[in-house]
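J.: Based on what follows, work out the 3D shape:
(chains A, B, C and D)
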Protein chains: 2
Amino acid sequence: MKNPHRRFKDSIYEQFARIGKAVSSPKRLELLDLLCQGQKSVESLAKETGLTIANASQHLQVLRAARLVDAEREGYYIKYRLADQMVCQFFHSMRVLAENRLAEIEIIMRRFLGSKEGMEPVDRNVLLQRVRDGAVTVLDVRPEDEYRAGHIPGALSVPLDQLETLLSGLPREQEIVAYCRGPYCVLAVEAVETLRKYGFRAIWLEGGILDWRAMGLAVDTGNAPSA
Amino acid sequence: MKNPHRRFKDSIYEQFARIGKAVSSPKRLELLDLLCQGQKSVESLAKETGLTIANASQHLQVLRAARLVDAEREGYYIKYRLADQMVCQFFHSMRVLAENRLAEIEIIMRRFLGSKEGMEPVDRNVLLQRVRDGAVTVLDVRPEDEYRAGHIPGALSVPLDQLETLLSGLPREQEIVAYCRGPYCVLAVEAVETLRKYGFRAIWLEGGILDWRAMGLAVDTGNAPSA
DNA sequence: TGAGCATTCAATAGAATAATTGAATAGTTG
DNA sequence: CAACTATTCAATTATTCTATTGAATGCTCA
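T.: Next up is the predicted model:
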């Protein structure tokens, strides 16, 4: 049972499994998803995923051992980033597979959105057209560094945690469209809730920058005109 | 730390991780790879992967729980198959990622081929052209049912375990090209070794039917003209 | 050079996973 | 219907993975 043939196959599939193991933990997937938005420090990754610093660090090392991410020091911080854009594509194909095969995902999604009143999806194409035309105010509610790394042209950077202090700069006469990272990032959902509470007309752009990019639409990079 | 936000994210990534966990074991990856060739019984999968029947069955159930494969009874046997062609594509993108990111794979590959004398890769394009032109005898050394599910046009079906009994039907004057499943299936390497031992001129078509398909070349299906 | 910082290491306990065995099941065929 | 067959289940053991804690490291910047 130990012919060179089998040994060869075993070692090959063992290598493939390194990738599989790396993406077999929910938290590591969340880390990868965040890193698709750009490089980040251990600290900020830990905060966003709800992990302890030490635990986040360990997960990142697992990802690094599988060669999916790289790290580089930058001042006090060590910034992690995807080792290759291909990793992002792979994550995407995994997401699509999961969405197609696992009915549970749609159920979870619906339950979450259902608990938020008035978050029914609007006609995506009409909305996108108005965004492109600049007929609405577009809000990017991600952290500012992610905005800088790439955002919808004309969008204002209003990180969710600063939203309430920046309300005065937002238009009451025009509809506001808020977006964030991707279909499972719901910063924008919270933003819409807050805006409505204060009497703004606000709607949620499902899919975020990820789907925007996937549709081949342009993104701007660089400095942040905030509201 | 238990706001609905985080609970939502946790459950979403937990779902994604179901796919990840399913592909985190070398043996399950080997099973998936085999199933990309077509449906197969538990018994034959067990034999080809070197697993016990019970163990193979368990792994298959894990894959089924992740909705990556389906099973259906057919006579005495229960045939497993991919739940969707998308699974095959996902496996492919995982393979490509691994090949690109993990240098170990090339090392293992080289070491294995290096131990086989004279298995240096031939010029792939020239070879493919001759295969397409029918200027060589092409041998499909996979099990016959895989041949039936799709093979290179004009290829003869000569399952590896029958090769020695079928030698007399093979041409000595023409070069023989043997292929099998894909880049990591090495049935054809063994076939070439055997053929050479008996004095035939034989070479190995790297990449097998998988790469043939990936290049968009036609495949024939159906009955097997054997040598 | 030394204080201050983010990050990593090390050790542990608890949880999940994999392989093995032998028995049980469900479905088919004659 | 009864015998047979491929497959699955159940229980066990060994292994691997995850989260947690607190201490250690190594870098930066004054």
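J.: In terms of helices and strands, where is A:Gln89?
T.: Under the criterion of DSSP states H and E, A:Gln89 resides in helix A:85-101.
J.: which of the residues in that helix are buried?
T.: Buried residues in helix A:85-101, counted by 16 or more other C-beta atoms under 10 Å in any protein chain shown: A:Val87, A:Cys88, A:Phe90, A:Phe91, A:His92, A:Ser93, A:Met94, A:Arg95, A:Leu97, A:Ala98, A:Glu99, A:Arg101. Where you see a C-beta, it was placed from the backbone N, CA and C, and this is true even at glycine.
J.: got a list of what the residue nearest to A:Lys21 when sequence neighbours are not counted touches?
T.: Using C-beta to C-beta, 6 or more residues apart in numbering or on different chains and skipping residues adjacent in sequence, the residue nearest A:Lys21 is B:Ser24, 4.4 Å away. By C-beta atoms under 8 Å, 6 or more residues apart in numbering or on different chains, B:Ser24 lies in contact with A:Ala17, A:Gly20, A:Lys21, A:Val23, A:Ser24.
J.: Kindly reformat those residues as JSON lines containing distance to A:Lys9 and pLDDT.
T.: Formatted as JSON lines, the contacts of B:Ser24 follow (distance: C-beta to C-beta, whole Å; pLDDT from 0 to 100):
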{"residue": "A:Ala17", "distance to A:Lys9": "12", "pLDDT": "97"}
{"residue": "A:Gly20", "distance to A:Lys9": "16", "pLDDT": "97"}
{"residue": "A:Lys21", "distance to A:Lys9": "18", "pLDDT": "97"}
{"residue": "A:Val23", "distance to A:Lys9": "22", "pLDDT": "98"}
{"residue": "A:Ser24", "distance to A:Lys9": "21", "pLDDT": "97"}
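J.: Of all pairs in those residues, which one is the farthest apart?
T.: A:Ala17 and A:Val23 (10.7 Å; C-beta to C-beta).
J.: can you tell me which helix in chain A is longest?
T.: Assignment by DSSP state H gives helix A:4-22 as the longest helix of chain A.
J.: is DNA strand C contacted by that one?
T.: No: using C-beta under 7 Å from any atom of the strand, helix A:4-22 never reaches DNA strand C; the gap is at least 8.8 Å.
J.: list the buried ones in that helix?
T.: Using 16+ other C-beta under 10 Å as the test for burial, helix A:4-22 gives A:8-22.
J.: repeat for stretch A:47-55
T.: Residues of stretch A:47-55 classed as buried under the neighbour-count rule (16+ other C-beta under 10 Å) are A:Glu48, A:Thr49, A:Gly50, A:Leu51.
J.: circling back to that earlier point, helices or strands up against the helix holding A:Gln89?
T.: Other helices and strands packing on helix A:85-101, by 3 or more C-beta pairs under 8 Å, 6 or more residues apart in numbering or on different chains; DSSP states H and E, are helix A:26-35, helix A:103-114, helix B:4-22, helix B:85-101.
J.: Mean pLDDT lowest where, among those?
T.: Ranked by mean pLDDT, the helices and strands packed on helix A:85-101 bottom out at helix A:103-114, with a mean of 90.
J.: Is that one positioned near chain B?
T.: Yes: residues of helix A:103-114 contacting chain B under C-beta under 8 Å from any C-beta of the partner chain: A:Glu104, A:Ile105, A:Ile108, A:Met109, A:Phe112.
J.: re the thing from before, and the helix holding A:Gln89, how far out from the chain middle?
T.: A distance of 13 Å separates the centroid of the chain from that of helix A:85-101, by C-alpha atoms, centre = their mean, to the nearest Å.
J.: what's the angle between that helix and helix A:4-22?
T.: If you take axes from the mean of the first three to the mean of the last three C-alpha atoms, to 10 degrees, helix A:85-101 sits at 80 degrees to helix A:4-22.
J.: which residues are in contact with helix A:85-101?
T.: For helix A:85-101, the surrounding residues in contact (C-beta under 8 Å, 6+ apart) are A:19, A:23, A:29, A:32-33, A:36, A:68-69, A:82, A:105-106, A:214, B:15-16, B:18-20, B:66-68, B:83-84, B:86-87, B:89-90, B:93-94, B:96-97, B:100-101.
J.: Put the alpha carbons of it into CSV.
T.: The C-alpha trace of helix A:85-101 is given here as CSV (Å, rounded to 0.1, in the frame of the first residue of the first chain):
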residue,chain,number,x,y,z
GLN,A,85,-5.2,38.9,-6.1
MET,A,86,-5.9,35.3,-7.1
VAL,A,87,-6.8,34.7,-3.4
CYS,A,88,-9.6,37.2,-3.7
GLN,A,89,-10.9,35.4,-6.8
PHE,A,90,-10.7,32.1,-5.1
PHE,A,91,-12.6,33.4,-2.1
HIS,A,92,-15.2,34.8,-4.6
SER,A,93,-15.6,31.4,-6.2
MET,A,94,-16.0,29.8,-2.8
ARG,A,95,-18.7,32.3,-1.9
VAL,A,96,-20.6,31.8,-5.2
LEU,A,97,-20.4,28.0,-4.7
ALA,A,98,-21.7,28.4,-1.1
GLU,A,99,-24.5,30.7,-2.2
ASN,A,100,-25.6,28.3,-4.9
ARG,A,101,-25.4,25.1,-2.9
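J.: That one to helix A:103-114, inter-axis angle?
T.: Using the same axes, to 10 degrees, helix A:85-101 lies at 90 degrees relative to helix A:103-114.
J.: In space, what's closest to A:Ala17 - neighbours in sequence excluded?
T.: Spatially, and ignoring its direct neighbours in sequence, A:Ala17 is nearest to B:Pro26 (4.4 Å; C-beta to C-beta, 6+ apart).
J.: no no, A:Glu48
T.: Take A:Glu48 and drop its neighbours on the chain: the residue closest to it by C-beta to C-beta, 6+ apart is A:Leu34, 5.9 Å away.
J.: how far away is that neighbour from A:Cys180?
T.: A:Leu34 sits 12 Å away from A:Cys180, going by C-beta to C-beta, to the nearest Å.
J.: the more surrounded of those two?
T.: Set A:Leu34 next to A:Cys180 and count neighbours by other C-beta atoms under 10 Å in any protein chain shown: A:Cys180 wins out with 27 against 18.
J.: A:Val186 is in contact with the more buried one, correct?
T.: Yes: counting by C-beta atoms under 8 Å, A:Val186 is a contact partner of A:Cys180 at 7.2 Å.
J.: Give me every residue in chain A lying close to DNA strand D.
T.: A:21, A:24-25, A:27, A:51-52, A:54-55, A:58-59, A:62, A:73, A:75-76.
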